[in-house]
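Peer 1: Can you look at this prediction? I've put the sequence above it.
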Amino acid sequence: MENSMSNPAISEDEMNNTDMNKARAMIYRLLSSLFAKEIDHQLLHELTSEQAKAFWTQLASEPSFKRDVDAMVTVLESLSSDKALLELAADYCGLFLVGTKHSASPYASLYLQDESKSAPDTEGTKSGDQPLLFGEQHQMMVQFLKQSQLQVQTSFPEPADHLAVILAYVEHLCLSAGNEEQLSFIESYLNSWLGQFAAKVTLCDSGDFYCALARLTQSWVNSDLTGLREES
């Protein structure tokens, strides 16, 4: 599946390519692709292929993932017409692209800005001074990407603190970094705001797919952190 970042060639001796890390990277890549853009016919074909069905079944075998995986698969299987696909695309746009109080901004900066400047409101977002796009969190992510010789694809015109980019970067870390580095990054730059984001998506999503995706992402990250802590 298409990722939101270019990934330069990395020699085999630099990669931590255990089967487990490959599997973890694949899940982060999938989650990234689903937050990066609307589901089109090509992506739908990939998500409903026989290989994908086997993957969803395996993922749903984990009790904490089952409800949300099943909800997502039910929606994917219902996308049998252009109209249904357009309606799901409208859900994506309304949630992640329009930037209103009824949307769920996918940018870390909205949730990780200086607490002294503003406080969370009752819907889990920040009130007061709103963070600027391409601000501090974006610059920090750009530095992480540069250190790893990565960059956001030119076809993805979003700040680097977009959730899709952060998930894609964790995919890279799964294959190139030690457990301590992965643990530190995921805790500081993803898990620290993912709960607020998932709550906002659940509050604002008029359908079932993206709230299930957000909850699955949160559940997966929590499970992954538990595994990394046990190994560290």
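Peer 2: Sure thing, it's come through.

Peer 1: could you point out which element follows the lowest-mean-pLDDT helix or strand in the chain?
Peer 2: Between all helices and strands in the chain, the lowest mean by mean pLDDT, DSSP states H and E belongs to strand 5-6, at a mean of 44. Later in the chain than strand 5-6, the nearest helix or strand by DSSP states H and E is helix 19-36.

Peer 1: Which elements pack onto that next one?
Peer 2: When contacts are defined as 3 or more Cβ pairs under 8 Å, 6 or more residues apart in numbering; DSSP states H and E, helix 19-36 sits against helix 163-176, helix 209-231. Just so you know, the C-beta spots here come from the backbone N, C-alpha and C atoms, and that holds for glycine as well.

Peer 1: switch to 6 Å and redo it
Peer 2: helix 163-176 (3 or more Cβ pairs under 6 Å, 6 or more residues apart in numbering; DSSP states H and E).

Peer 1: Next, the angle helix 19-36 makes with the helix it packs on.
Peer 2: Direction vectors for helix 163-176 and helix 19-36, defined by axes from the mean of the first three to the mean of the last three Cα atoms, to 10 degrees, enclose an angle of 170 degrees.

Peer 1: Just give me how far helix 163-176 sits from the chain centre.
Peer 2: Computed by Cα atoms, centre = their mean, to the nearest Å, the chain-centroid distance of helix 163-176 equals 9 Å.

Peer 1: got the CA positions of that helix in PDB?
Peer 2: The C-alpha coordinates for helix 163-176 follow below in PDB (Å, rounded to 0.1, in the frame of the first residue of the first chain):
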ATOM      1  CA  LEU A 163      -0.700  11.400  11.900                       C
ATOM      2  CA  ALA A 164      -0.100   9.500   8.600                       C
ATOM      3  CA  VAL A 165       3.500  10.800   8.500                       C
ATOM      4  CA  ILE A 166       4.200   9.900  12.100                       C
ATOM      5  CA  LEU A 167       2.800   6.400  11.600                       C
ATOM      6  CA  ALA A 168       4.900   5.900   8.500                       C
ATOM      7  CA  TYR A 169       8.000   7.100  10.500                       C
ATOM      8  CA  VAL A 170       7.200   4.500  13.200                       C
ATOM      9  CA  GLU A 171       7.000   1.900  10.400                       C
ATOM     10  CA  HIS A 172      10.600   3.000   9.400                       C
ATOM     11  CA  LEU A 173      11.700   2.700  13.100                       C
ATOM     12  CA  CYS A 174      10.400  -0.800  13.300                       C
ATOM     13  CA  LEU A 175      12.900  -1.900  10.700                       C
ATOM     14  CA  SER A 176      15.800   0.400  11.600                       C
END
